[in-house]
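Q: I need the structure of the sequence given here:
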Amino acid sequence: MNKRLLRNFDFWIVGAVVALCCLSLVMIASASRPVIGSGEDPLAYVKRQALWFALGTVVFLVVASIEYSDFSRLAHLIYWGNIALLVLVMVKGRAALGAQRWIGPLQPSEIAKICIVITLATMLSEKERPVKNLRDMLPVFLHVALPMALILRQPDLGTSLVFAAIMLGMLFMAGAPSRYVLGMVFGGLGAVVGAITLHLTRGTWLPLKDYQLKRLIVFVNPQADPLHSGYHVIQSKIAVGSGGLWGKGLFSGTQSRLNFLPEQHTDFIFSVIGEELGFVGCIAVLALYFFVLWRAIQIMSYSRDKLGCLLAAGIVSMLSFHVLTNVGMTMGVMPITGIPLPFMSYGGNSFITNAVALGLLESIAMRRQKIMF
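A: So this is what the prediction gives:
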């Protein structure tokens, strides 16, 4: 990176992400202790996550130093390489927690999110005119449908929904009329409700496992199955609500310390924040996310070309959906879909994906001024 590029480096968004990462290590230290066996290193999860943070920092710097348009030149290779990985998961993948999503330590469905942002941004930026009708949208649907179907097959409902959010956000920025975008949102919700209703009343087929279907059903009434499908959301709401205004204090949360709260260092890390840091801590964390998204929207608004704008739009859509869905499911206002909280939840694949996304945003920010000769 030369001095001209570094002058445009957005230190603010990086500073907010670093703050989230530092808080993440503290909260993982608190949340992971009950799930670590006696005699083991109590900071085992923290040390692993710190290694992922270090690797993610390197990935971020590498991606930020590359001209973002160079990624679009490899769009076909990225897309079909991603499809090949998703197919390989079906053949050679390792199963965990009822889903076949892993190839060794690699989770291709996480990588697929940033791949679809890059390839879809390339497709839309190459169009000579804005997306205005359903005919223009059909290639976009097909582009997203193939990896989305492969991920749903694993099954990974949460990540497949992220694809839908990315597609809708990028379509809107590509010029699609808002009535079409809103129509797809409400039409999709209606289709899901209708499909579930038909399955329950007439036994029609659904591409979901039984536990996924039960999670969607108990979202309306968790008390209908309090010891199984509704257990996660009930315990999470207890944890968040018991924190009160200021919380019970770090390392003092009873729901997490007594291991009532499931997946507390991964999907339900926000529940631990609510219990131990209270309403004030939750607002502070959400303020950091708001700042990150606001800076990302700023980068999108002053990007030098359509490609940069669409890349940033896809990243904003991805991160926004992750934050809203994860925080919502911990408070019982969204169904449980297993979506991690960006830069906070324990896990390397998710963090590396978000590091690539942050690197792309910085690449766009630093190159927002066209070189004039």
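
Q: Tell me which residue lies nearest the centroid of the chain.
A: Centroid-nearest residue in the chain: His322, 3.9 Å away (criterion: Cα atoms, centre = their mean).

Q: Surely it and Met344 touch.
A: No: in this structure, His322 is not within contact of Met344 by Cβ atoms under 8 Å, at 10.0 Å. Quick note: C-beta positions are derived from backbone N, CA and C, even for glycine.

Q: what's the overlap in contacts for the two?
A: Common neighbours of His322 and Met344, using Cβ atoms under 8 Å, 6 or more residues apart in numbering, do not exist here.

Q: Would you state the helices of the stretch 1-150 of the chain in chain order?
A: Assigned by DSSP state H, counting those that start in this stretch, the stretch 1-150 of the chain shows helices spanning 3-7, 11-32, 44-65, 68-73, 75-92, 108-125, 134-152.

Q: buried sites along the shortest one?
A: Within helix 3-7, the residues that qualify as buried by neighbour count (16 or more other Cβ atoms under 10 Å) are Leu5.

Q: from the middle of its chain, how far away would it be?
A: 30 Å (Cα atoms, centre = their mean, to the nearest Å).

Q: Past the one helix or strand Ser160 maps to, which element shows up next along the chain?
A: Per DSSP states H and E: Ser160 is located in helix 157-173. Counting by DSSP H and E, the next helix or strand C-terminal to helix 157-173 is helix 178-202.

Q: what number of residues lie near the residue nearest to Phe219 when sequence neighbours are not counted?
A: Among residues not flanking Phe219 along the chain, Pro335 sits closest, at 4.2 Å (Cβ to Cβ, 6 or more residues apart in numbering). Around Pro335 there are 20 other residues, counting by other Cβ atoms under 10 Å.

Q: In this protein, what helix or strand scores lowest on average pLDDT?
A: Across the helices and strands of the chain, mean pLDDT, DSSP states H and E gives its lowest value to strand 94-96, namely a mean of 71.

Q: where does the stretch 51-200 of the chain have low pLDDT?
A: Scanning the stretch 51-200 of the chain for pLDDT under 70 picks out 96-99.

Q: which residues touch Leu286?
A: Leu286 touches Val323, Val327, counting by Cβ under 8 Å, 6+ apart.

Q: Repeat the analysis, applying 10 Å as the threshold.
A: Leu286 makes contacts with Phe270, Ile273, Val323, Val327, as judged by Cβ atoms under 10 Å, 6 or more residues apart in numbering.

Q: And stretch 74-87, what's buried?
A: Quick answer for stretch 74-87 (16+ other Cβ under 10 Å): Ala75, Ile78, Tyr79, Asn82, Ile83, Leu85, Leu86.

Q: so who does the first one touch?
A: In other words, Ala75. Contacts of Ala75 (Cβ under 10 Å, 6+ apart): Cys115, Ile118, Thr119, Leu120, Ala121, Thr122, Met123, Ser125, Glu126.

Q: Tell me the buried residues within those residues.
A: For those, a burial check counting by 16+ other Cβ under 10 Å picks out Cys115, Ile118, Thr119, Leu120, Ala121, Thr122, Met123, Ser125.

Q: wait, what's in contact with the closest residue to the first one other than its chain neighbours?
A: Sequence neighbours aside, Asn82 is the residue nearest to Cys115 in space, at 4.1 Å (criterion: Cβ to Cβ, 6+ apart). Applying Cβ under 10 Å, 6+ apart, one finds that Asn82 lies in contact with 108-109, 111-116, 118-119, 146-147, 150.

Q: what's the offset of stretch 181-196 from the middle of its chain?
A: That offset, for stretch 181-196, works out to 21 Å (Cα atoms, centre = their mean).

Q: Could you list the alpha-carbon positions for it in CSV?
A: Presented in CSV, the C-alpha positions along stretch 181-196 are these (Å, rounded to 0.1, in the frame of the first residue of the first chain):
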residue,chain,number,x,y,z
VAL,A,181,-38.0,-6.2,-3.4
LEU,A,182,-40.7,-5.9,-0.8
GLY,A,183,-42.9,-8.2,-2.8
MET,A,184,-40.2,-10.9,-2.7
VAL,A,185,-39.7,-10.4,1.0
PHE,A,186,-43.4,-10.8,1.9
GLY,A,187,-44.0,-13.3,-0.8
GLY,A,188,-41.2,-15.4,0.6
LEU,A,189,-42.5,-15.2,4.1
GLY,A,190,-46.0,-16.2,2.8
ALA,A,191,-44.6,-19.1,0.9
VAL,A,192,-42.8,-20.4,4.0
VAL,A,193,-45.9,-20.1,6.2
GLY,A,194,-48.0,-21.8,3.5
ALA,A,195,-45.5,-24.6,3.0
ILE,A,196,-45.3,-25.3,6.7
